[in-house]
Structures are given as structure tokens and as C-alpha cells.
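# just the structure for this:
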Amino acid sequence: MKISITNAQDLVPINRQHVRRAVQAAAGGRFDAQTLDIVFVDDATIRDVNHRFLKRDRVTDVIAFDYRGEVPPAGAAGEIVISAERAAVEARRRQVPVERELLLYVVHGVLHLVGYDDLDADDRRAMRREERRVLKTLTTTTQRARREGPAER
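Just a heads-up that it's a prediction; the model follows:
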């Protein structure tokens, strides 16, 4: 799968390699798309997207669009729009690193695209369990890579 990352905000640095790993870990081969677009924006932009496409006039953290079965824009099979500004606010509130919060939003968006939902309590619990599992896998992989040092080529 090709993962296209667009950073349309300047509030939070984006580690593209970590984003790609998060997408792959969350998708786990379940998203049969050729291209997935991830777009990082600010609160004003995601509010506009939320209002225009979902008719909700409010800021949110992540919106996932599944274009499979439709004529996709620019050939993408899916798109995830993430508010990096919201991630920074929530990270401060929850006292976690902003990158962890961003990766949570990436994972959450991908899980929507592979069939998870969070509309009712049972579905929400299942989605949260899967988010924790994926984030734990990413944390373990990152810690192992730091211990082992750079890979040889």
C-alpha cells in the first residue's frame, strides 16, 4: 500500500516514518487499497471538513473517508484527516507525548477504514482494545529498534 502523507499545519512536527508504521500496524493487511492519504491539519481546517462533509459544525480529532467502491479523488482509496492541533491540546490534557496522541489518531482512522466503529458502547470498547494493542506493538517495536541501534544495510 502506498501511504501519502501531507502536513498542512505547522504546529506539530510529523514523523512520517512513525506514521507509516502506525498505518501498517493498524491495517494489518486488512485495507486492500493501493493508496491511502493521511492529511495533518489544524482545528479550523478539520472543523471545515467536518461541517462540509459530515454536516457537523465542530472541531474533531480525526475523520476517515473510505473511497473504495467510489470514484476516489486523485486515485486514493481512503483518506484520513487529522487535527494535529487537537492532538497537541489533548496530549497536554492527558499528559502524554504529542506524537503518541497523533499516532493514536492515525490508528483510530485506519481502524475505521478496516471496519471498526465507535457508535455504540460495545463497538467502542472493541475499537479501544484494538487501538491499545496496535499502540503497544508500535511502542515495543520502537523500543527494540532503539536498543539495537541503526539497522545495517
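# low-scoring pLDDT stretches of this protein, where are they?
Low-confidence segments of the chain (pLDDT under 70): 32-33, 71-75, 141-153.
# please report how far the residue most central in space within it lies from residue 51.
Taking CA atoms, centre = their mean, the centroid of the chain lies closest to residue 106, which sits 1.2 Å from it. Residue 106 is 23 Å from residue 51, where distance means CB to CB, to the nearest Å. Just so you know, the C-beta spots here come from the backbone N, C-alpha and C atoms, and that holds for glycine as well.
# immediately after the host helix or strand of the residue nearest to the centre of the chain, which helix or strand?
Element membership of residue 106 [criterion: DSSP states H and E] is helix 98-113. Where DSSP H and E defines the elements, the next helix or strand beyond helix 98-113 is helix 121-148.
# can you check what angle separates that next one from helix 98-113?
130 degrees (axes from the mean of the first three to the mean of the last three CA atoms, to 10 degrees).
# go through helix 121-148 and flag the buried ones.
The neighbour-count check on helix 121-148 (16 or more other CB atoms under 10 Å) flags 127, 130-131, 134-135, 137-138 as buried.
# ok, now stretch 82-100?
82-91, 98-99.
# just stretch 12-32 next, same as before
So for stretch 12-32, counting by 16+ other CB under 10 Å, buried means 12, 14, 18-27, 31.
# then stretch 56-72?
Under 16+ other CB under 10 Å, the buried positions of stretch 56-72 are 59-67, 72.
# then that stretch to PDB, C-alphas only?
Taking C-alpha atoms only, stretch 56-72 is exported to PDB below (Å, rounded to 0.1, in the frame of the first residue of the first chain):
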ATOM      1  CA  ARG A  56     -21.200  18.700  12.000                       C
ATOM      2  CA  ASP A  57     -20.100  22.200  12.800                       C
ATOM      3  CA  ARG A  58     -17.400  21.400  15.400                       C
ATOM      4  CA  VAL A  59     -13.800  20.500  15.800                       C
ATOM      5  CA  THR A  60     -12.900  16.800  16.000                       C
ATOM      6  CA  ASP A  61      -9.700  14.900  16.200                       C
ATOM      7  CA  VAL A  62      -9.800  12.500  13.100                       C
ATOM      8  CA  ILE A  63     -12.100  11.900  10.200                       C
ATOM      9  CA  ALA A  64     -11.700   8.900   7.900                       C
ATOM     10  CA  PHE A  65     -13.100   8.700   4.400                       C
ATOM     11  CA  ASP A  66     -13.300   5.300   2.600                       C
ATOM     12  CA  TYR A  67     -13.400   5.800  -1.100                       C
ATOM     13  CA  ARG A  68     -13.300   2.100  -2.100                       C
ATOM     14  CA  GLY A  69     -16.200   1.400  -4.400                       C
ATOM     15  CA  GLU A  70     -16.400   5.000  -5.400                       C
ATOM     16  CA  VAL A  71     -14.500   7.200  -7.800                       C
ATOM     17  CA  PRO A  72     -11.800   8.300  -5.500                       C
END
